[in-house]
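>>> whatever this is, show me its structure:
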Amino acid sequence: YKSIIRKLKAASPSLTFTSDFIIGFPGEAEADFEATVKLMQDVGFDYSFSFLYSPRPGTPAAFLKDDTSQEVKLARLKKLQAINEAQGDAISRNMLGTIQRVLIEGASWKNASLLAGKTDNGRVVDIAGDARLINTFVNVKITDVSNPKRLQGEIVGEII
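Purely as a prediction, here's the structure:
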């Protein structure tokens with residue numbers, strides 16, 4: 001898995017990866033969790049989704065013995081999420097000054113006089129622009145990453 005990720009990043013350095021992580025699955029030992037942490041760090045996942053395991057009636061896992069305390073599960077989740085948040089923030093900061101392809105989705109809910117769109121790696125970007133750009137791709141220079149989950153930018157060059 002990591003070998004494939006390395007090859008993809010070598011071919012396209014701006015490529016980012018995200019995933020879903022279940023924390024506290026029955027039988028998860030400390031070593032299992034630390035292996036997940038190492039994977040998170042090695043791959044450098046970008047704003048992944050992580051959550052605590054919860055049994056689903058009728059599934060085989062619902063019958064597994066779960067002897068990990070809720071306190072331990074919550075501490076593990078908090079640790080993993082802090083690492084991932086830092087990684088995602090770093091990816092956003094590295095986008096400052098770059099040109100990104102952005103799909104304009106509509107008016108920004110933060111400021112109705114701006115448009116909002118998403119980059120190829122899912123970052124929301126607020127930009128000044130005409131409503132006729134909605135549902136089109138534009139090249140945007142990222143000008144502000146002070147909020148790493150909601151970037152600011154300006155349209156540059158031609159509309160794609």
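>>> residue contacts, the most centrally placed residue in the chain?
Nearest residue to the geometric centre of the chain (Cα atoms, centre = their mean): Y47, 2.4 Å. By Cβ atoms under 8 Å, 6 or more residues apart in numbering, Y47 lies in contact with 18, 84-85, 87-88, 91, 122, 149. All C-beta spots, glycine's among them, are computed from the backbone N, C-alpha and C.
>>> and the furthest pair within the residues you listed?
Greatest spatial distance among those (Cβ to Cβ): E85 and G122, at 14.7 Å.
>>> how about the worst-scoring helix or strand of the chain on mean pLDDT: buried residues?
The weakest-scoring helix or strand in the chain, judged by mean pLDDT, DSSP states H and E, is strand 150-159 (a mean of 89). Across strand 150-159, burial judged by 16 or more other Cβ atoms under 10 Å covers 150-153, 155.
>>> so where do the helices sit in the chain?
Listed in chain order, the helices of the chain (DSSP state H) span 2-11, 30-43, 70-94.
>>> to Q100, which of those lies closest?
helix 70-94 (11.0 Å).
>>> from the contact counts, what lies against the closest one?
In terms of contacts (3 or more Cβ pairs under 8 Å, 6 or more residues apart in numbering; DSSP states H and E), helix 70-94 is packed against strand 20-23, helix 30-43, strand 49-52.
>>> repeat that with 6 Å
On a contact count with 3 or more Cβ pairs under 6 Å, 6 or more residues apart in numbering; DSSP states H and E, helix 70-94 meets strand 49-52.
>>> in its sheet, what does the strand it packs on sit against?
Here strand 49-52 is paired, per DSSP bridges, with strand 20-23 (parallel).
>>> so how far is the partner strand from its chain's centroid?
14 Å (Cα atoms, centre = their mean, to the nearest Å).
>>> what do you get for stretch 7-18?
Using Cα atoms, centre = their mean, the offset of stretch 7-18 from its chain centre is 14 Å.
>>> now N139, nearest residue through space, not along the chain?
Spatial nearest neighbour of N139, excluding adjacent residues (Cβ to Cβ, 6 or more residues apart in numbering): G157 at 4.6 Å.
>>> how far away is the one you found from R101?
Distance, G157 to R101, using Cβ to Cβ, to the nearest Å: 11 Å.
>>> point out where the chain drops to low pLDDT.
Flagging of the chain using pLDDT under 70 yields the residue ranges 158-160.
>>> let me see the contact set for D46.
Taking Cβ atoms under 6 Å, 6 or more residues apart in numbering, we find D46 in contact with 16, 18, 88, 91.
>>> filter the contacts of Y47 to the buried ones?
Neighbour-count burial (16+ other Cβ under 10 Å) applied to the contacts of Y47 gives 84, 87-88, 91.
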